[in-house]
Structure formats: C-alpha cells, structure tokens
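Enquirer: Mind looking at a prediction? Sequence and model below.
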Amino acid sequence: MKIILCMKQVPLKDSLLKITPDGRWIDEASVQFEINESDHYGLEAALRLKEQHGGEVIVVSIGPARAKQSIQQALAKGADRAIHVTHDQPIMDPLLAAQLLAAVIKAESPDLILTGLQSDDTGFGQTGVVLAELLGLPHATLVMEIQVLDQQLKIKRELESGWFQYIELPRPAVLTIQSGLATIRYATIKGIMAAKKKPQQEISAASLGVDLAQSPVTFHKLYMPVKTKKTQILTGAAKEVARQLAEKLKNEAKVI
Amino acid sequence: MASGILVITEQNEGKVSRIGWEALAAGQELGAALGQTVSALVMGKGAAAAAQEAATAAIAQVWFAENAELQHYTPDGFSAAAQQVITRVTPQYVLAGHSYQARDYFPKLATACQRGLIADCVGYRIENGAPVLVRQAFQGKINADFTFAGAPPYFASLQSGAVSSDNLKRGGSAAVSDAGVDLSGIAIRTKVLEIFEGVKGKVDLTKADLIVSVGRGLKEKANLPLIEELARALGAELAASRPVCDDGWLPLDRQIGSSGQTVAPKLYLAVGISGAIQHLVGMKAARTIVAINKDERAPIFDIADYGIVGDLFEIVPELTKAIKEVKAA
C-alpha cells in the first residue's frame, strides 16, 4: 500500500509566542518547532499500516527550510521518502494548502492519504477534507482506528460526547487522524542513521501551478485576545497561596 | 443576486441541537446587522420534525431534507444536499455551528461550491458593511481576523458558545417546506456500520457541583494520588483533559472537552491544564474557575476567576491541607 502522510511543523507546545510587529505571524527566532501532534499520530498510523500490509510511506510537508528537521525525524521513525514543498511564508488559507498538497499527491497516485486532524498553529482543521474534495476522494475525519479490508477501509471515528462510529470507505481515501490513535514510537539510532540515506525531494510551492494570491478568504492580522474575565492571580509561597485560595473559595466564591 | 443568510441547523432525531440553536441565533444577529433575511436548512433523519421546531425561531423560512440517502449522516450526502439548496436559494452567507459533524462536511461543501470557509469562529464584528470574523490560532493563545474575498456565498462556522442560544429570538412564523433535494444521482461512498457509546454506564460529570480536573502537567500517572487527595478534600469529582485519558491515566469517561463531557459545575479547579480550546469549550460555563499552572501565559488563565502560577507539586498538597482546614473551621 502506498501511503501519503501530510505533515506540518509547528511551534513546540507551551512555547512563549510573540507576534511580529506587522501582525502577520509569530516571531520564529525565539521558538523551537516539532511535528504537529495529530500529524505525529498520523505518521504512527501510517507506519503501523505499512508494517501490517507492506508498501511505502511518503511524507509530504509544506514549509520553510526548518521543516527539514521534522521530515528527518519522520524518516528516522520509518517513513520511506519525503517530499518537501518549500514555502517561506505561512499559508493562511486551508484551500491554498490543500491545492499545493493535491498537486503533489496527484502525481503519486497513493492508496491512502493520512493527515492530522488539524494543525496546532493555524488550526484551520479543514485541509484534509478540502484535499479529499480536490482529489475527488472520499474522506473521514476524527479517525481513531483503521482496518484495511479487501477494497475497503473500516474506520472507527470519534463523534461528540463520548460516542463513536464504524464506517466503511472505498480506497483511496483521505483520513484525518485524531490524537491518541496509537502510542507514538521513538526513532532508533539505526533509524536515524538510515534516514540520512532516504530520498528527500524538494519542490518549491511556486512551481506547482497554484496561484497563492488567489484566496477566497483574506487574512488580516494576529493579535493577543482581550481578556473578558477578571482573574485574581494569587502570589506568594505555596502554603500562603493555598491558604488564600481556600479562603476565597469559601468566603468569596462560596463554593465550599 | 445572492442575498440572505442560510443557517444549516444541526439536529438529532428530530430535535434541533444546542449548537443548531446557537447557529440560528448567530444568523439572526448577523441578519439584523446586515439587513438580510435568515433562513434555515435542516438535514437528516427527523429533519421534518426538527424543521417545525426551528420555525419557532424568528426567521423567514425553514427547509428540510429527509431523503432516504440522509438517514445516516455522511459527508457525501450532507454536502450534496446542502449544495443543491444553496444553488437554488443563492444565499450570500451560509452559517453552521462548528460541531464535529460540521467539521467533517462543511469544508467539503465550501470547496464543492468553489468557495472558502472561515471555520470555528469565536466572534465577529461588522466593518464597512461586512463581517470581520475572529478565529483562534496557536491553540487559542492568539486571535486572527479574516474577511471573505471574491464572490458569495461565503461560508462560516461558529465555535460552540460563540453566540449564546439565549440570544435566540422566538416567535417566528417561518414557512416550513421540503427542500426538494434529489440525491438519486449522488454516490454516497461512506457506509455507516454502527454508532455506539464509548463507555457504557459512564460517570455523569454534568451532575457534579465540584470538579477537580487534571492535565498533562501532572507528568505521570504515579502522581495521580496527589490530585485524588485534593478532590477528596473538596468532595469533588475527578476529571481530566484529553491527553490524560489518551495516556490511560484516567478512564475516557472522565474526559472534559469537545470529545468528552461538557460541564458547568459551581467549581472547576484545573490543575496542570494549559487550556487548549478543545478543553475550554467543555468547561468554560463553570461558575467559578480556578487554574493552577506553571505557565503564566496558559490560555486557562484567560477564563479563570482565580489563578496560581507555580509548581503544582508544591501547591496541590498545601491546597489539600488548606481546604481541609477551612472546611473544618
């Protein structure tokens, strides 16, 4: 089975973020990056499917030069090759991102395409679904489990409020993976060594025939949200703040 | 010419769901601000009944589509049905609540209509006669403003709680009619096999007055007794954010957030939870919110009434002690 894994590199969780003066993006100088969480689970799902059914896993990632580091990591974990769509600016429209991915993926004719559910930076949560529509493929979101049947896929999807469903889809299909699908593996030393020899293709976003200036939505600016709630921050030694809080819960909030 | 606001109103078994009412309330607000009429589309099993219920809102028209192909939700069916209605009604705006269902088919629908979708919006304001939509980026830490470009219809979905269903204006005399959708030529590629509840006889956290909830900050399962003792001192139920349940530290039925339970207790004490938006939507309606977290910029502090920035491993044992003392006093 030929599996494509769409992966994005995003700021490390819990990074302190500063917005650039023009409001267009965050200041990347002070931030470290990692594989987007749900994409990481997507990678794990792809690797497990390959182990069960054979085939290859191809990582496709759009991003600036720094994305190489995450691509390398995915290869070290067991992906077979990578396509890096180089683009220096953040893409603030999921349709454009999906158009770029579609252009690359069409040429590969995969059996299965996996993406994370959403990115932890822009968080559009649309790219996988839009990609499926552009490719004319069926899709499922919030995927928790993948079983490969003869011509079909049996998928466990998460619904709201603790409900789930099993569905069947024909292949090829696009699946967007929910975090927590399976425990993520670590790269082995052997894997890290092997990754250096794996093929990495670079394609510039500009060469894919997608007009990146033509978007149905206009992004204006990023800004820190204005707080609507007045928060009392309690300060002092642990014992002292604990006492303060307990008293406030009793006397002010009257909840204990 | 495109005009009006079409609200795709989510329903379940003939009843408009909460996020459906919120979307209708948002449609009414936007309609009033832009001087446009509001209509609703209800799809799926029970849509005809839900359409009657939706018509109690003050809007102009309700359409329903209850075709055999829509008995089970599928992205192919819902997207095709909505597209037919949109083609006929030619709305300027198409709104929906950002539910799990909407996130599954709404981007497909917008793309099929060759338009853009601004999804999961937390608010909007009107500038120059058009809405500027606000959505969250970086896990809720940063907001971003977007507007639509090009030709309508414009698609937007609203996060749960972005507009309260309390704002809904009732007393409508909306006409209710079958949308006349024909799906006979549409390939429905998804086959629904089974729908089931993850945990049978699950803990109902929605009835708890006091909740102590724990997140990734706990570091490992072995540290759980620390939180359990605090919960016991308070007489509170124990809950958790998604990563804690994913890692099996607590069972799935203790999970709060969009994929878990939605609660509104008197006290929600969040320990080591940074407050990813998927968590916040499940608890932000709590009357009193307390956050203990080492990162002063964690989004949980934005909605907290009381906050302590610091090491939970130092603070929680002291808090357990202090709670016991204050309760005994």
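Expert: Perfect, thanks for sending it. All figures in this text were calculated on a predicted structure; none of them were measured in a lab.
Enquirer: For chain A, what is the nearest residue in the stretch 151-300 of chain B?
Expert: residue B:246 (3.5 Å; C-beta to the nearest C-beta). To be clear about C-beta, it is placed using only N, CA and C from the backbone, and glycine gets the same treatment.
Enquirer: Can you report phi and psi for that residue?
Expert: Here is the backbone geometry of residue B:246 (degrees, to the nearest 10): phi -60, psi -40.
Enquirer: Burial check on it, number of neighbours?
Expert: 19 (other C-beta atoms under 10 Å in any protein chain shown).
Enquirer: Once you drop chain neighbours, what's closest to it?
Expert: residue A:180 (3.5 Å; C-beta to C-beta, 6 or more residues apart in numbering or on different chains).
Enquirer: and what of residue B:143?
Expert: The shortest distance from residue B:143 to any non-neighbouring residue, by C-beta to C-beta, 6+ apart, is to residue A:225 (4.7 Å).
Enquirer: Give me the sheet partners of the helix or strand containing residue B:147 and which way each runs.
Expert: Using DSSP states H and E, the element containing residue B:147 is strand B:142-148. For strand B:142-148, the paired strands and their directions (DSSP bridges) are strand A:217-223 (antiparallel), strand B:130-137 (antiparallel).
Enquirer: how about the CA coordinates for that strand, as CSV?
Expert: Output of strand B:142-148 as CSV, limited to C-alpha atoms (Å, rounded to 0.1, in the frame of the first residue of the first chain):
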residue,chain,number,x,y,z
ILE,B,142,-3.7,34.1,19.6
ASN,B,143,-6.7,35.5,17.7
ALA,B,144,-6.7,36.1,14.0
ASP,B,145,-9.0,38.3,11.9
PHE,B,146,-10.4,37.2,8.5
THR,B,147,-12.7,38.5,5.9
PHE,B,148,-14.2,37.0,2.7
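Enquirer: centre of the chain versus the following helix or strand past that strand, how much separation?
Expert: Sequence-wise, the next helix or strand downstream of strand B:142-148 (DSSP H and E) is strand B:154-158. Here strand B:154-158 shows a centroid-to-chain-centroid distance of 14 Å under the convention C-alpha atoms, centre = their mean, to the nearest Å.
Enquirer: Could you tell me the average pLDDT over strand B:154-158, please?
Expert: For strand B:154-158, the mean pLDDT works out to 98.
Enquirer: next one: stretch B:48-61
Expert: 97.
Enquirer: Check which residues of that stretch are buried.
Expert: B:49-51, B:53-61 (16 or more other C-beta atoms under 10 Å in any protein chain shown).
Enquirer: in what helix or strand does the nearest residue to residue A:165 once chain neighbours are set aside lie?
Expert: Spatial nearest neighbour of residue A:165, chain neighbours left out: residue B:195 (4.6 Å); criterion: C-beta to C-beta, 6+ apart. According to DSSP H and E, residue B:195 maps onto strand B:191-197.
Enquirer: List the neighbouring strands of the very next helix or strand once past that strand plus their orientation.
Expert: With elements assigned by DSSP H and E, the helix or strand that comes after strand B:191-197 is strand B:210-214. Paired strands of strand B:210-214, with direction, are strand B:237-240 (parallel), strand B:267-271 (parallel) (DSSP bridges).
Enquirer: So which of these is the most surrounded?
Expert: The highest mean neighbour count among the strands paired with strand B:210-214, using mean count of other C-beta atoms under 10 Å in any protein chain shown, belongs to strand B:267-271: a mean of 28.
Enquirer: And the average pLDDT for that one is what?
Expert: 97.
Enquirer: and that strand, C-alpha only, in CSV?
Expert: Extracted C-alpha coordinates of strand B:267-271, given in CSV (Å, rounded to 0.1, in the frame of the first residue of the first chain):
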residue,chain,number,x,y,z
LEU,B,267,-16.3,25.0,40.9
TYR,B,268,-13.9,23.8,38.2
LEU,B,269,-10.4,23.5,39.5
ALA,B,270,-8.0,22.9,36.7
VAL,B,271,-4.6,21.6,37.7
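Enquirer: report the longest strand in chain A, please.
Expert: strand A:139-148 (DSSP state E).
Enquirer: Thanks a lot, see you next time.
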